[in-house]
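Undergrad: Below: sequence and its predicted model.
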Protein chains: 2
Amino acid sequence: MKTIHLGFLGFGTVGSGAAQILEQNAPDIETRTESKIRIKAALVRNLGKPRPFAENIAFTDKAETILEDPEIDIVVEVMGGIEPARSYILEALRRGKNVVTANKDLLALHGEELFNTAKQTGKDLYFEASVAGGIPIIAVLKQSLAANKISALLGIINGTTNYILTAMAEQGRNYADVLAEAQKLGYAESDPSADVDGLDAARKLAILASLAFNSRVTLPDVFVEGIAKITSEDLQYASELGCTVKLLGIAKHLEGGGVEVRVHPAFLPNSHPLASVSGVFNAIYVVGDAVGETMFYGKGAGSLPTGSAVVSDIIQVTRNIHTGSTSSINCTCYHDLPLTESRDFTTAYYVRLLVKDEPRVLATLALLFAEANISFASIIQKPRGHEQAEIVLVTHPCREAQLQDALDSVRAYSKTLAVYNVIRFESGI
Amino acid sequence: MKTIHLGFLGFGTVGSGAAQILEQNAPDIETRTESKIRIKAALVRNLGKPRPFAENIAFTDKAETILEDPEIDIVVEVMGGIEPARSYILEALRRGKNVVTANKDLLALHGEELFNTAKQTGKDLYFEASVAGGIPIIAVLKQSLAANKISALLGIINGTTNYILTAMAEQGRNYADVLAEAQKLGYAESDPSADVDGLDAARKLAILASLAFNSRVTLPDVFVEGIAKITSEDLQYASELGCTVKLLGIAKHLEGGGVEVRVHPAFLPNSHPLASVSGVFNAIYVVGDAVGETMFYGKGAGSLPTGSAVVSDIIQVTRNIHTGSTSSINCTCYHDLPLTESRDFTTAYYVRLLVKDEPRVLATLALLFAEANISFASIIQKPRGHEQAEIVLVTHPCREAQLQDALDSVRAYSKTLAVYNVIRFESGI
């Protein structure tokens, strides 16, 4: 039986999860691949640190030990970050090694260069672990839904923000409280900005949109808004309106038009399959012209779920090595579709305002929106004391540019005391 | 560019759906496979019938025309049934053709013979469309979750029964009414028995369990109970108990033990991801040791969703033909695990009874269950007039053999007027 040698770049949470799975499920994996799979070496920063599931692995702090070892068949990049990960992967491919990576930051910026290099060298570059942990969305988009034109992909692809929004909604607590708790429980980083500002979701969405529409989308193409401004009041109104607030990654390919890629909090109807995805779970909802609506659900992070994706990729690459079929699907971006600008995004909006509780204020607000050609789907007004009233306006769908015009007028109106929040609606298709 | 020639065996709902997708998405499919994919011939019973998406297809009523044509690379079996489908597929493989099939009836009985033949001949036998329409559960189990030991698989894998149970629960209507409506709408066959008796789900479960546990499960191995006895009263009690009633396909591989495979209606907690899968949608929930809980959701039937699975398989086989890597994953049943007998299934039970409304009746019932070592998790009692009372007992988990002992005593008890229904609980893991 042939032995496949792996070289790990990095051996942190994801790397040690993959090592644990390779060890614990070795007999099954051996049968499934007709190979022994062995981690020969791993690049780490601190050679002295004790590590679990590391028996028989040669740890090194020099990348060349791995990249220049002719016996290593697959380089597993789980170190993260842009450099030196990018250079190492390019070097590994050029030296004839296949690569499995979990690096969303890198792929969201330099995917094209990496996939082209894999193609030129005839090697595999697999990346299931880069998006949504153990959920097999990359393979689904590249293979299982290959018969389809995808029109929309909506994802809950950041567990930290979904945990925070779920806890705020279920327990009526405020954002700062729940964030602090999430940090204590290890669900949020001490610097939570990449999660709560939507950047992590945006990276994953760039990768997913590129696959779904066969057109390269990179991080700077994604419109991003985070969840820090969401309050428990907004979640209460969402509930009154039959909705749940989720941080969604939304990618749409409009008929005959361009690609729209955005990450922002959204009011989602409770009847939508994504609405019941709670806590740290992730899910990706995909609409194809043949298959219709589909959804893929699971844990989006963690040592073992992400390790599951890494090891499944290692198994598939091993099979490809045996059959001589590496590089059979690499870059799939054969279109070059235009991007829709954010001012042209067309959605319904929730607008929460504080105004003076006087006659004709609501009429004037309606007029200011009407001047921007926006009409309302529903209105909620509640007294707030001190002759003030809180008003929630839900608009019919309009372009963002229209809404901004209306909001400019509303802010300039003398009876407006505050524009608390503006949140998009997402119907789901 | 190479042309891949297809021969269809059958051209009904699924066949014409696949043909429609191949025509409508031809440019993308050509790019994705670097091939022209052409349906050269199709076997049909009635040559005179006009058919859509059939331009340039040579229709024939002789299977040899397809099986003996050396130009045909892939035989697409969408005729259904056991024979002659089985003989045709075996013949096609022996003549060096790859096969894509949607035939669950056949695979659930003769999977082993077919996969062994594919292996011997070095050809592909793909079957994504045989289970759950467009949901890519076969590829997920064979490839994307290959790093995992699967401990449980629960599925809503029959759209007809899910439509009926959803409508009964949402509208408080009775079984016969909703079934008649489903027949009128085309969601149920004029002879609905294969669906409502659970046989269709059992075939799919046999295929899924074989893949999940790497141990051959065939249709006769599956314990089956249908939904015909479920009443709107049962659904009302389910709601009171925080549950939804679903026809579930359940496959479990208990630690150190055998495989348990059963299809029956079950009380499922509303918090379970499968509980919100409504109407004709299907979903499969899979628990792996590394990935944890996952779920795969979509349309389980229909011309285009099932066609999506057939065409995605054709695309994958085409890629395999190009890289010379057909037959890289065929039979995956390398274990031979024992099956758990139904008398050893251990679940909680819902038991609905009509009894005489007299003192000490409940005490006696409790005693009869206690003699079988069964205790209760909850009890609901409601007066029914005429000195009768309806009692719902929810047991703690017990073996089926214990429950049958208790039910024998309950039926023999003079104050028992009727045992209306007995339904299992499923906690979900």
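TA: Alright, I've got the coordinates.
Undergrad: hey, let's count contacts and neighbours off CA atoms from now on
TA: Fine.
Undergrad: Name whatever forms a beta bridge with the closest residue to A:Arg384 other than its chain neighbours.
TA: If the residues on either side of it in the chain are set aside, A:Arg384 comes closest to A:Glu390, at 6.3 Å by CA to CA, 6 or more residues apart in numbering or on different chains. Note on A:Glu390: beta-bridge partners by DSSP bridges are A:Leu354, A:Lys382.
Undergrad: hang on, A:Glu390 packs against A:Glu358?
TA: No - in terms of CA atoms under 8 Å, A:Glu390 does not count as a neighbour of A:Glu358; the distance is 11.9 Å.
Undergrad: The two - which one has more neighbours?
TA: With neighbours defined as other CA atoms under 10 Å in any protein chain shown, A:Glu390 and A:Glu358 compare such that A:Glu390 has more, 21 against 11.
Undergrad: show me what contacts that one?
TA: By CA atoms under 8 Å, 6 or more residues apart in numbering or on different chains, the contact set of A:Glu390 is A:352-355, A:381-384.
Undergrad: That one and chain B, how far apart?
TA: Counting by CA to the nearest CA, to the nearest Å, the gap from A:Glu390 to chain B is 34 Å.
Undergrad: And the helices in the stretch 1-150 of chain A?
TA: In the stretch 1-150 of chain A, the helices defined using DSSP state H, counting those that start in this stretch lie at A:13-24, A:26-33, A:63-67, A:85-94, A:104-121, A:137-139.
Undergrad: what residues are up against the residue of the stretch 301-429 of chain A found nearest chain B?
TA: Chain B sits closest to A:Pro305 of the stretch 301-429 of chain A, with a gap of 4.0 Å, by CA to the nearest CA. Neighbouring residues of A:Pro305 by CA under 8 Å, 6+ apart: A:133-134, A:299, B:290-292.
Undergrad: Tell me how far it lies from A:Gly134.
TA: To A:Gly134, A:Pro305 is 5 Å away according to CA to CA, to the nearest Å.
Undergrad: which one is the residue of the stretch 301-429 of chain A closest to chain B nearest to, not counting chain neighbours?
TA: B:Val291 (4.0 Å).
Undergrad: What of A:Lys142?
TA: A:Leu211 (6.8 Å).
Undergrad: A:Val140 too?
TA: Closest to A:Val140 by CA to CA, 6+ apart is B:Pro136, at 7.2 Å.
Undergrad: that older thread, want to throw the helices of the stretch 1-150 of chain A into JSON lines with distance to chain B?
TA: Shown next, in JSON lines, are the helices of the stretch 1-150 of chain A (distance: least, CA to the nearest CA, whole Å):
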{"stretch": "helix A:13-24", "distance to chain B": "7"}
{"stretch": "helix A:26-33", "distance to chain B": "7"}
{"stretch": "helix A:63-67", "distance to chain B": "24"}
{"stretch": "helix A:85-94", "distance to chain B": "19"}
{"stretch": "helix A:104-121", "distance to chain B": "14"}
{"stretch": "helix A:137-139", "distance to chain B": "7"}
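Undergrad: Please name whichever of the ones you listed is nearest to A:Pro220.
TA: Nearest of these to A:Pro220, taken as CA to CA: helix A:104-121 at 8.2 Å.
Undergrad: so the closest one versus helix A:85-94, what angle?
TA: 20 degrees (axes from the mean of the first three to the mean of the last three CA atoms, to 10 degrees).
Undergrad: what sits up against helix A:104-121?
TA: A:80-82, A:85-86, A:89-90, A:93-94, A:96, A:124-125, A:130-131, A:203-204, A:206-207, A:216-219, A:327, A:330-331.
Undergrad: Next step: these restricted to strands.
TA: Among the contacts of helix A:104-121, DSSP state E puts A:Leu125 in strands.
Undergrad: Mind checking which of the contacts of helix A:104-121 are buried?
TA: A:80, A:85-86, A:89-90, A:93-94, A:96, A:124-125, A:130-131, A:203-204, A:206-207, A:216-219, A:327, A:330-331 (16 or more other CA atoms under 10 Å in any protein chain shown).
Undergrad: Output the below-cut-off pLDDT ranges for chain A.
TA: A:429 (pLDDT under 70).
Undergrad: Downstream of the longest helix along it, the next helix or strand is which one?
TA: Longest helix of chain A, by residue count under DSSP state H: helix A:303-323. Scanning forward in sequence from helix A:303-323 by DSSP states H and E, the next helix or strand is strand A:346-347.
Undergrad: which helices and strands does that next one pack with?
TA: strand A:398-399 (3 or more CA pairs under 8 Å, 6 or more residues apart in numbering or on different chains; DSSP states H and E).
Undergrad: Each with direction, which strands does the strand it packs on pair with?
TA: Counting by DSSP bridges, strand A:398-399 is paired with strand A:346-347 (antiparallel).
Undergrad: Quick one: residues in contact with the strand it pairs with.
TA: A:396-400, A:424-426.
Undergrad: Mind doing that once more with 6 Å?
TA: Here strand A:346-347 makes contact (CA atoms under 6 Å, 6 or more residues apart in numbering or on different chains) with A:397-399.
Undergrad: what about A:Lys149, how many neighbours?
TA: Other residues within reach of A:Lys149, judged by other CA under 10 Å, total 21.
Undergrad: Buried ones in the longest helix of chain A, by neighbour count?
TA: Buried residues in helix A:303-323 (16+ other CA under 10 Å): A:303-323.
Undergrad: same deal with stretch A:364-383?
TA: A:365-369, A:372, A:374-376.
Undergrad: Which positions in the stretch 251-400 of chain A make contact with chain B?
TA: Residues of the stretch 251-400 of chain A lying close to chain B by CA under 6 Å from any CA of the partner chain are A:290-291, A:293-298, A:304-305, A:308, A:311-312, A:323, A:325.
Undergrad: Using CSV, write down the CA coordinates of the helix or strand where A:Tyr163 lies.
TA: Using DSSP H and E, A:Tyr163 sits within helix A:159-171. Extracted in CSV, the C-alpha atoms of helix A:159-171 (Å, rounded to 0.1, in the frame of the first residue of the first chain):
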residue,chain,number,x,y,z
GLY,A,159,-20.7,32.0,13.8
THR,A,160,-19.7,34.7,16.2
THR,A,161,-22.2,37.2,14.9
ASN,A,162,-25.0,34.6,14.6
TYR,A,163,-24.3,33.6,18.2
ILE,A,164,-24.6,37.3,19.3
LEU,A,165,-27.7,38.0,17.3
THR,A,166,-29.4,34.8,18.5
ALA,A,167,-28.6,35.5,22.2
MET,A,168,-29.8,39.2,21.8
ALA,A,169,-33.1,38.0,20.2
GLU,A,170,-33.8,35.1,22.6
GLN,A,171,-32.8,36.9,25.8
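Undergrad: what's next to whichever helix or strand comes after it, contact-wise?
TA: Downstream of helix A:159-171, the first helix or strand assigned by DSSP H and E is helix A:175-185. Helix A:175-185 has contacts (CA under 6 Å, 6+ apart) with A:164, A:188-189.
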